[in-house]
Each structure stands twice: as structure tokens, then as C-alpha cells.
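Novice: quick one, what's the 3D model for this:
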Amino acid sequence: MSAALAWGGVLLAGALWGGGALVAQFLIDGGIAPQSLSLARFALGVPLLWWLHWRAQRVAEATDARWHDLARREQFQVVGTGAAMALNVSCWFAGIAHLGAALPTVISICCAPVIVALVSVARGYEPFGLRLLGGLVLALAGVALLVMPAKGWGPLPAGHAAGLAWSFGSAFCYALVVLGNARMPVRVPAVTASAWGMSVAALCMLAVAWPSGITWPSGAAQWLGAAYTGVVTTSVAYLAFAWGARRLSPTAAVVGTLIEPLVAALLAALLFAEPMAPRQWLGAVLLAVAMLLLMRRGAKTAPETEADRNQK
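Specialist: Residues are numbered from 1 along each chain as shown. Below you'll find the predicted structure:
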């Protein structure tokens, strides 16, 4: 049941991020700069997380670890995870500036599971095996089929080397976010770690967006969309992911969020009459098989969590 709930949290996060992609596209088309939208997402999401944190502190009678109770290494891990959240978005936008939206998104989404798996196996977080390899291959193939444009990728524009570098940087930062959440100290609740991390991310995005000028939503629809991306697709989704990532292997957690492009494609087909091509349905099937494979692998290997190690 614990593993099922953990998978539910990770899949919920991916589904919310997939739906939020369409809202973000609506806001960007309406004139909001991508950096300003990222700042708004983090800044609007922080108050809810801090409210949940303070509420949990009162219920638990302040028994959870406070910031000054953490070791320097643990403080660095929390701050580093938050900074990685902001750097992931910043690198992704820089890649888009050179290559357009499609290729940087594919690189960021598809390369992160490989990076996480390599680091996890190298650090001994989880064992290497055929199920892990098979799940990664199927997941990457499924996502590639889902996000591939109907007319193919086309020729790369000038400056593609720099764009590729930024895109791989985005994937690396996303992998750091996954690993940071998976190895977060168990005495720091997920909501507390999320509040700290998102506060750092908001400050980082403020430093990025301020020099170029912050653009604000115009009209009720844009303000409502910005609030939705901040509260639902950032606070709620990230909290669900942080909670689930602690109870799964790092590779399983990052593969679970690959449901994001599937949800985006399905919603685009339902809401905007953009039907999914046969190759996209094939990609959805491959992605589902990969998740089932990793779920069964996780149930058999039962990777040791931070809580398990602290109980020894």
C-alpha cells in the first residue's frame, strides 16, 4: 500500500505538470515572459507550502527538525535542491532560445531518467538489472514517440551546440531535483523541505527575471491561470512528488513523472481537437509498460529508504 501511494503521488505530480503545460502555453501566448511565469509559479506556490508547514508544526507540537537543527550537509542538500529547481527552468528556456521548444523539451525529459539511474546505481541507491534497463529503454522510447512533431524535428537552427548544452544542463538539474528529494532527511517532512526548496527557487528566479524586467498577467483569465500554475501545478504537484519520491527508488520516481507529456497530449486532443497520432498511442503504451515494469521491480527489490536506514 505504501508503494502504491508513493506511485500515486509521483503520477499525480506528472499529471498536474502535464495539464499545467497547456495553461503555461496560454499565459506565454498572452504576453507573459517565460522567466516571469516561472517566478510567478514559485512565488505564488510558496505561501501555501509555508501555511501547510506551520499547520503541520502545530499538529506535531513542533517535534520536527527545524532549520538550525540540520547539519550543514543537510542544509546544503535542501538549498541545492531548490536551486536545481530554478536552474532546471532557466536552462530549459535558454535551450529553447537556441533550438525552439521541441528538442530541448525532449532532451530534458528523456535524459533525466538516464542520469538518475546512472547516479543511483553508482552510489548504491538501487541495484542494476534487466528490469531497470528495460524500463528505462521503454520509457525513453515512449516519451520520444509522444512528443515527436508530426513533421519530424527538422534541421537544427544556428547555435545548436549552445542549445544542446543548455538542454542537457536542464536534464542534469532535473535529475538533481529528483535525487535531492529521494535522499532528503526523513526527519524533515516533505512539506517542510518543499517550502524551503521552493523559497530558494523563487529567489533564484527573481534574480534571473529582474534584470530583463518582470511582465505581469493582464486580465482575470491570465491572473487565474497564473494562480493555477502556482498553487496546483507547482505547490500541490511538487509536494506530491516530494512525498512519493522519498518512498520509491530515484529511477522509478523520475520515470513516473514521464506521464507528463502523455497527459498534455491527451488534454490537447480533448480540449483543442488535436487528435493523437498512432505513433503517440504507441508511445503511451510503451510508457505504461515501462511504469508497470518498474513498479514490479520496485516491489521485488524494495529499495532501502532514508527512514529504513535511520531505524537501523
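Novice: how near is residue 138 to residue 175?
Specialist: In this view, residue 138 and residue 175 are 19 Å apart by CB to CB, to the nearest Å. For the C-beta atoms, the positions are set from N, CA and C on the backbone; glycine is no exception.
Novice: same check on residue 205?
Specialist: 19 Å.
Novice: just residue 204 next, same as before
Specialist: 17 Å.
Novice: ditto for residue 78
Specialist: 17 Å.
Novice: likewise residue 54?
Specialist: Counting by CB to CB - residue 54 and residue 175 are separated by 31 Å.
Novice: who has more neighbours out of those two?
Specialist: Using other CB atoms under 10 Å, the more surrounded residue of residue 54 and residue 175 is residue 175, with 25 against 13.
Novice: which one is that one nearest to, not counting chain neighbours?
Specialist: Of all residues not flanking residue 175 in the chain, residue 115 sits nearest, at 3.9 Å (CB to CB, 6 or more residues apart in numbering).
Novice: next one, pLDDT for that neighbour please.
Specialist: Looking at residue 115, its pLDDT is 81.
Novice: run a quick neighbour tally on it.
Specialist: By other CB under 10 Å, neighbour count at residue 115 equals 21.
Novice: so how far is residue 86 from it?
Specialist: Applying CB to CB to residue 115 and residue 86 gives a distance of 18 Å.
Novice: neighbours of the residue lying closest to residue 182 once chain neighbours are set aside, how many?
Specialist: Leaving aside its chain neighbours, residue 182 sits nearest to residue 250 (4.3 Å; criterion: CB to CB, 6+ apart). Number of residues near residue 250 (other CB under 10 Å) recorded here: 26.
Novice: mind listing what the residue lying closest to residue 86 once chain neighbours are set aside touches?
Specialist: Leaving aside its sequence neighbours, residue 86 sits nearest to residue 204 (CB to CB, 6+ apart; 3.4 Å). By CB atoms under 8 Å, 6 or more residues apart in numbering, the contact list for residue 204 reads 82, 83, 85, 86, 87, 90.
Novice: quick check: of the residues you listed, which lies closest to residue 240?
Specialist: Of all those, residue 240 sits closest to residue 85, with 14.9 Å by CB to CB.
Novice: list the residues that contact the closest one.
Specialist: 42, 173, 177, 197, 198, 200, 201, 204, 238.
Novice: repeat that for residue 134.
Specialist: Residue 134 neighbours (CB under 8 Å, 6+ apart): 290, 293.
Novice: what's the helix or strand for it?
Specialist: Following DSSP states H and E, one finds residue 134 within helix 130-147.
Novice: list the buried residues for that helix?
Specialist: Buried residues in helix 130-147, defined by neighbour count with 16 or more other CB atoms under 10 Å: 131-132, 135-136, 138-147.
Novice: ok, back up a step: the residue nearest to residue 86: helix or strand, and which one exactly?
Specialist: Since the elements are taken from DSSP H and E, residue 204 ends up inside helix 190-212.
Novice: let me see the mean pLDDT of that helix.
Specialist: 88.
Novice: so which elements touch the helix or strand just after that helix?
Specialist: Downstream of helix 190-212, the first helix or strand assigned by DSSP H and E is helix 220-230. Using 3 or more CB pairs under 8 Å, 6 or more residues apart in numbering; DSSP states H and E, the elements in contact with helix 220-230 are helix 2-29, helix 34-59.
Novice: so how far is stretch 243-256 off the chain centroid?
Specialist: 11 Å (CA atoms, centre = their mean, to the nearest Å).
Novice: quick check: mean pLDDT across that stretch?
Specialist: 79.
Novice: in it, what's buried?
Specialist: 243-256.
Novice: just the residues you listed now: which is nearest residue 191?
Specialist: Closest to residue 191, out of all of the buried residues of stretch 243-256 and judged by CB to CB, is residue 243, at 8.2 Å.
Novice: my guess is the closest one contacts residue 9. True?
Specialist: Yes: using CB atoms under 8 Å, residue 243 is in contact with residue 9, at 4.9 Å.
Novice: need the overlap of contacts for those two.
Specialist: Common neighbours of residue 243 and residue 9 (CB under 8 Å, 6+ apart) do not exist.
Novice: stretch 241-255: end-to-end distance?
Specialist: 12 Å (CA to CA, to the nearest Å).
Novice: ok, the nearest residue to residue 117 once chain neighbours are set aside - contacts?
Specialist: With sequence-adjacent residues excluded and distances taken as CB to CB, 6+ apart, residue 117 is closest to residue 251, at 4.5 Å. By CB under 8 Å, 6+ apart, residue 251 lies in contact with 113, 116, 117, 120, 126, 132, 135, 136, 294.
Novice: residue 251: which element?
Specialist: helix 250-256.
Novice: tell me the helix or strand right after that helix.
Specialist: Next along from helix 250-256, by DSSP H and E: helix 259-271.
Novice: so how far is residue 203 from residue 267?
Specialist: Counting by CB to CB, the gap from residue 267 to residue 203 is 32 Å.
Novice: cool, thanks, talk later.
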